[in-house]
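Undergrad: Can you look at this prediction? I've put the sequence above it.
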Amino acid sequence: MEENINNNKALVPIRKGNNQLVKTNNAIQITNKLISKSIEVLFNRAFYLLNSANLVLEDGRTLFWNHELAYYGEKNIPMEIDTDFLFHLESEKEYLEKMKFKYGINLDDCKSALEIFNEVIRINPTHKYSYLFRGIANQILKRSNDGSKDFDNANEDFLKAIKIDPNFVHALRHLGGIENINKIIKIDPFCDYIYLNRGRTKYHLKDHQGAIEDFTKAIEICSNNSHAFFERGEIKLGIKDYLGAIEDFSNAIEIYPMCPGFWYYRSIAKKRIGDIEGENADVKKVNWIDPTYIYCYNLSF
């Protein structure tokens, strides 16, 4: 009898009017909120470190400065370093495409970011964004010739993210390959950057017409994608469509006139049609924008 009484006390049965279940549920909710907040803080810190090279000072404030936007004809956008990156990633479909983050220039911060992503994954093994950006950190560190075997796991991280979410476009994109890019296009057929990436892949496979078609599709989706105009112009230059190349380079210049490469490649196309005056004017512009610009011209066909 004594044993039964003790067992009953241990079980704490839930009866009508008993608030034990409510207390338990509240405790679970509080714990989940704390875990969620911990993940948010850790992830945002890691993402910040992955992009720490973009930190600048302005008006006495420390800002996160995205200078990559300039290549797409947009003004630089300052962003407070306490930005909730995870919230934006989860709530804005095109956040990464819009912001065009530049990852991992500071390798020490990149290593620190990787360790924090490890901690987030330890807390929540199904956190797809931490797998994605840990994979990116791994890629960067591997390319830096760090030599550590711990940095050989980028594709494994991307695959884990895709296992969590089979339609996770960002992870599919980093895996690369025509097959994965085609899958992304089926998921999101109106993203200009996907067609740009597939065009680049086709270019390297020497499918020049296919690459031109994909760059054209990217331009149809986003008419201010200067890279699509420029890279389509590169192919036209290589296949001796000089007037088409000049038109594409001119469009790229109109979108972003401060890129010396756009002017330089247009000068080459002008030279090919005998427009020496136009060539010299473009070269002069290159030197004005960037006197240290390295002149090179090396198409693969």
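TA: Yes, it's here. Computed from a prediction, not measured in an experiment: that's the story for all the values here. Numbering: from 1, shown residues only.

Undergrad: And the closest residue to residue 85 other than its chain neighbours, how far from residue 216?
TA: Among residues not flanking residue 85 along the chain, residue 47 sits closest, at 4.4 Å (CB to CB, 6 or more residues apart in numbering). For every residue, glycine as well, the C-beta is placed using N, CA and C. Relative to residue 216, residue 47 is positioned 34 Å away (CB to CB, to the nearest Å).

Undergrad: For the stretch 51-200 of the chain, which segments are assigned as helices?
TA: Listed in chain order, the helices of the stretch 51-200 of the chain (DSSP state H, counting those that start in this stretch) span residues 85-91, 95-99, 107-123, 128-143, 154-164, 169-175, 178-187, 192-204.

Undergrad: which other helices and strands contact the longest one?
TA: Going back to what we said before, that points to helix 107-123. When contacts are defined as 3 or more CB pairs under 8 Å, 6 or more residues apart in numbering; DSSP states H and E, helix 107-123 packs onto helix 20-50, helix 128-143.

Undergrad: and if you look at the shortest one?
TA: Contact analysis of helix 95-99 by 3+ CB pairs under 8 Å, 6+ apart lists helix 85-91 as its packing neighbours.

Undergrad: Buried ones in the helix it packs on, by neighbour count?
TA: Neighbour counts using 16 or more other CB atoms under 10 Å place 85, 86, 88, 89 of helix 85-91 among the buried residues.

Undergrad: quick one: contacts of that helix?
TA: Residues outside helix 85-91 that contact it (CB atoms under 8 Å, 6 or more residues apart in numbering): 39, 40, 43, 44, 47, 48, 95, 96, 129.

Undergrad: Which pair of those spans the longest distance?
TA: Within the contacts of helix 85-91, 39 and 96 form the most distant pair, 18.9 Å apart (CB to CB).

Undergrad: which one of the two has more residues nearby?
TA: Neighbours were counted for residue 39 and for residue 96 using other CB atoms under 10 Å; residue 39 has more, 19 against 16.

Undergrad: my read: that one touches residue 120, true?
TA: Yes: between residue 39 and residue 120 a contact is recorded at 5.5 Å, counting by CB atoms under 8 Å.

Undergrad: Pull up the overlap in contacts between these two.
TA: When CB under 8 Å, 6+ apart defines a contact, the residues bordering residue 39 and residue 120 alike are residue 127.
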